[in-house]
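Engineer: 3D model of this:
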Amino acid sequence: MVPSADFKETYPISETFTDADKKAQNRKIFVLAGPVILANLSVPLLGAVDTAVMGHSSHAYNLSAVAIGSTIIHFIYWSFGFLRMGVTGLTAQAHGSGDTREVRAIFARGALAAGVIGLVLWLVQVPILGFALTLFEGSVKAETLASTYFHIRVWSAPAVLFNYCLMGWFIGRQNTRAVLYVQLLMNGLNIVLDLYFVLVLDWGVAGVAGATLISEVFAVAIGLYLYRRNLTETDPGGQRGEFWDVGKIRHMFAVNLNIFIRNLSILVAFSFFNSQVSRFGDVTMAAHLVLIQFQMFLSFGLDGFAHAAEALVGGGIGKKNRAAVRNAVIVSTKWAGGIAVVYSGFYLLNGSDIIQLLTSIPDVQAVANDYLFWVVISPLISVWSFQLDGVFIGATRSKEMRNGMIASLTIFVIATLMLKENFGYSGIWLAFILFMTTRALTLAVFYPRIERDAV
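Structural biologist: You can find the predicted model right below:
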């Protein structure tokens, strides 16, 4: 997935990018990737605490309620993940070009969009919840408590979306340490409040939701403090950009709309993936949920290098330095590929032990072990699409991301319907591997455009 020799001859590397520049950029990749990886480590810990405090309650429907409510909330919020991605790419390019006024304006435009969307979610929360609950088959008590969880968490919508913009801005500004600080403080406070609200005050599901709500609002306060400090240190006395620049607003809207469609396609793909597996019975579905955790763990390690690619590719484009773009792509991708190999080896050697940690049900363990092969090879396939996503976000090539994802989703659905009849559950996993492969190939086809235009 790196530029070929023929491509290098067509688009020669600029002489302005020296060996010293390469060494500095290579070091920067680790400076950017490290904090993101560390920040991601707090995510599964928070999930484990949420599960533990509810899992030790006297009724199973409490845990089910948190699972249903958090699934609905995460689906809604992640649909607007384009706020983080769009702000990252645009900020990285403005930062690379030295346009500090536009760097300020990009965040302001994103923050305004986050506030408007958050307010809309407040207004339509009742019909959203009503529709979402029809997709689940929980008990009456579980759905009632899930509604309580949702109606508490939804009030953090503006804060969550605002935080997306802050995280995108920090990454674009090549300040991933701020991302680490915000994530650790947010998740740390969430864990402390979880334990206090549920175990001490006995607030149950409402306590879990309330802890998350407070921590998400707290994260915005911390993020804004770091944002102001960052501006004061790097651009003291700087002027505001042209917030109402119609052309730039239109460009931001186009980028975000394309990423929204792309994200929605991913959500549809994973929902379809899970729905097809559910037809093979409860045991297979339970095993599938265990195996999907391996795919989630994978993203924790690879996201750091993808985010580094976002920041450095965007910065190189802003500087109009093709060599800087190419070096960022090659080095970050090589390291991401190496991490993927480590993941595959670790899953191969320790996969069965991980399965035992995730479930104690013998039948589920047996099925999960039977299909462990798929998550062993998944890192070697998934890494390319993860990394190219980072490259294209940094280049704000959202149209290509949208088209590639729609094509990949179409192929995935067709392949699943064809393969599951003859190969069962393995056929669905094979279709998923094909989906990840197609995601990478469709972006790789468009990659030359990024280097061609980076001048």
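Engineer: can you pull the pLDDT of Phe75?
Structural biologist: As predicted, Phe75 sits at a pLDDT of 86.
Engineer: let me fix that: Ser14
Structural biologist: pLDDT, Ser14: 46.
Engineer: Okay, now the unreliable bits of the stretch 101-250 of the chain?
Structural biologist: Scanning the stretch 101-250 of the chain with the threshold set as pLDDT under 70 gives 137-138, 234-241.
Engineer: What segments of it are strands?
Structural biologist: For the stretch 101-250 of the chain, applying DSSP state E, counting those that start in this stretch gives no strands.
Engineer: domains of the chain?
Structural biologist: 1-35+261-455, 57-243 (automatic domain parsing).
Engineer: so which of the ones you listed comes closest to Leu46?
Structural biologist: domain 57-243 (4.7 Å; CB to CB). Backbone N, C-alpha and C define where each C-beta goes, glycine included.
Engineer: Counting by contacts, list what the strand or helix carrying Trp335 packs against.
Structural biologist: Using DSSP states H and E, Trp335 sits in helix 322-358. When contacts are defined as 3 or more CB pairs under 8 Å, 6 or more residues apart in numbering; DSSP states H and E, helix 322-358 sits against helix 19-55, helix 282-318, helix 362-370, helix 372-394, helix 398-453.
Engineer: per-residue confidence averaged over that helix?
Structural biologist: 93.
Engineer: Buried ones in it, by neighbour count?
Structural biologist: 322-329, 331-333, 335-337, 339-340, 343-344, 346-347, 351, 354-355, 358 (16 or more other CB atoms under 10 Å).
Engineer: And for stretch 381-392?
Structural biologist: 381-392.
Engineer: Now Gln174: closest residue in space, sequence neighbours ignored.
Structural biologist: Leaving aside its sequence neighbours, Gln174 sits nearest to Ala311 (CB to CB, 6 or more residues apart in numbering; 4.8 Å).
Engineer: List the residues that contact the one you found.
Structural biologist: Counting by CB atoms under 8 Å, 6 or more residues apart in numbering, Ala311 makes contact with 32, 88, 92, 171-174, 176, 394.
Engineer: Redo those as TSV? Include neighbour count.
Structural biologist: What follows is these, written out as TSV (neighbours: other CB atoms under 10 Å):
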residue	neighbour count
Leu32	25
Thr88	29
Ala92	31
Ile171	30
Gly172	31
Arg173	22
Gln174	21
Thr176	24
Gly394	34
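Engineer: Now tabulate those in JSON lines and tack on distance to Leu193.
Structural biologist: JSON lines is the format used below for those (distance: CB to CB, whole Å):
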{"residue": "Leu32", "distance to Leu193": "30"}
{"residue": "Thr88", "distance to Leu193": "29"}
{"residue": "Ala92", "distance to Leu193": "34"}
{"residue": "Ile171", "distance to Leu193": "27"}
{"residue": "Gly172", "distance to Leu193": "31"}
{"residue": "Arg173", "distance to Leu193": "30"}
{"residue": "Gln174", "distance to Leu193": "32"}
{"residue": "Thr176", "distance to Leu193": "26"}
{"residue": "Gly394", "distance to Leu193": "35"}
